[in-house]
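Chemist: Give me a 3D structure for the following:
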Amino acid sequence: MLLRTAYQPDETLHSFIFRVCMVNGVEQYADLTDNKGHWRFNLKLSEQIRQYFMSYSDRDILTLGQNSGLIRKNTNTFGNPLEYMLVIKKLYSIKGDYNNISGSHPVNFCIDCIRDSLRVNGYGFFKAAWMRKWTNFCDIHNKPLTFCPAIPARYSHEVIKQILRGEYPQGSFSELYRSQILEETPPLNYVMINEVNSSEYKKADYIHLAICLKNAIRNFINHTSKCSLHIFYLLDFYRERGKWRPYRNIYNIEEYEVAVMIKALFNERNRLFLDFWHENAKATTLYGGIFEYKEVSETLYIYKGTDKCGTCSSLNCPVKAPKSEP
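Modeler: Below is the predicted model of the structure:
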């Protein structure tokens, strides 16, 4: 009989996989740590333990994966808004296909948080806040986080068990200063529009556009004199800030430049552009759930409607993507 383990809203995927294996008596932890004993970002459930995670929904794994920093939005305005689902698909894959996510993160923790959870929940777990870069402080207990020393992977699992029991591992240490969490600024090709809700995965403020709509907007800018004049000034403004390469011709603008223009036209409520947008931009819902197809969805804006998709030659358009299977 398989035991279904509950998870905490702020628990990491690494922590949850580790606890599920412990609860079911399986000494196989899906290569959660690397050769230094750090949490690995390149995760894959082995065939031995995959069965223990089949009862969880896409939303469950999304939440845990986001807590671990594995689930991130595609930062390309003209990219696939459901690209992050590939991480979950590869996590469950039994075909040897690993997530192409490099890097690792030290195993750090607040022993008081672990002990609080042991008293309240009966078990300890690793929190999402401890997986953030540039932070080594627990705001709940007002103390530095504790770091585990670099140790071989074959010993790291025993150290993690010791931490989850509320014990300090030998050789652990704490930093004596507090570093502030640095908020990452979105790159220039990420359009943020508060008026448009582009996602049902609690990620408002972002919109994604299909290639057909991008090309239509580019043509609109090129052939609308007042709009083109406005864009000339816009280009000069960004060039002065050092954000743009030397500008030659409006017809040679690149994809990220189009994204910046769209953002500016939205923010300035440009009447000509908004009229074009409301007439030609049509929202379509993309579904990407693996276990429940419609459980995970994102909004993609396309040109006029899906009735023209049959004549589109784009091979990478998310509208044409097949259903995902675990």
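Chemist: residues touching Val159, list them.
Modeler: Gly37, Val107, Cys148, Ile151, Pro169 (C-beta atoms under 8 Å, 6 or more residues apart in numbering). (Each C-beta comes from the backbone N, C-alpha and C, glycine too.)
Chemist: quick one: low-confidence ranges for this structure?
Modeler: Applying pLDDT under 70 to the chain flags the ranges 1-3, 28-30, 94-102, 153-154, 175-205, 225-254, 305-313, 321-326.
Chemist: distance between the strand or helix carrying Ser117 and the chain's centre?
Modeler: If you go by DSSP states H and E, Ser117 is part of helix 111-121. Put simply, helix 111-121 sits 28 Å off its chain's centre (C-alpha atoms, centre = their mean, to the nearest Å).
Chemist: ok, now stretch 116-125?
Modeler: For stretch 116-125, the distance to the chain centre is 28 Å (C-alpha atoms, centre = their mean).
Chemist: what sits up against that stretch?
Modeler: Against stretch 116-125 from outside (C-beta under 8 Å, 6+ apart): 7-8, 11-12, 15-16, 19, 114-115, 163-166.
Chemist: Need the buried ones from these selected in PyMOL.
Modeler: Here is the PyMOL command that selects the buried residues among those (16 or more other C-beta atoms under 10 Å):
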select buried, resi 7+8+11+12+15+16+19+114+163+164+166
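Chemist: Need the contacts of stretch 116-125 in JSON lines (columns: distance to Arg50).
Modeler: As requested, the contacts of stretch 116-125 are arranged in JSON lines below (distance: C-beta to C-beta, whole Å):
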{"residue": "Tyr7", "distance to Arg50": "17"}
{"residue": "Gln8", "distance to Arg50": "22"}
{"residue": "Glu11", "distance to Arg50": "20"}
{"residue": "Thr12", "distance to Arg50": "19"}
{"residue": "Ser15", "distance to Arg50": "18"}
{"residue": "Phe16", "distance to Arg50": "14"}
{"residue": "Arg19", "distance to Arg50": "16"}
{"residue": "Ile114", "distance to Arg50": "28"}
{"residue": "Arg115", "distance to Arg50": "32"}
{"residue": "Ile163", "distance to Arg50": "25"}
{"residue": "Leu164", "distance to Arg50": "22"}
{"residue": "Arg165", "distance to Arg50": "27"}
{"residue": "Gly166", "distance to Arg50": "30"}
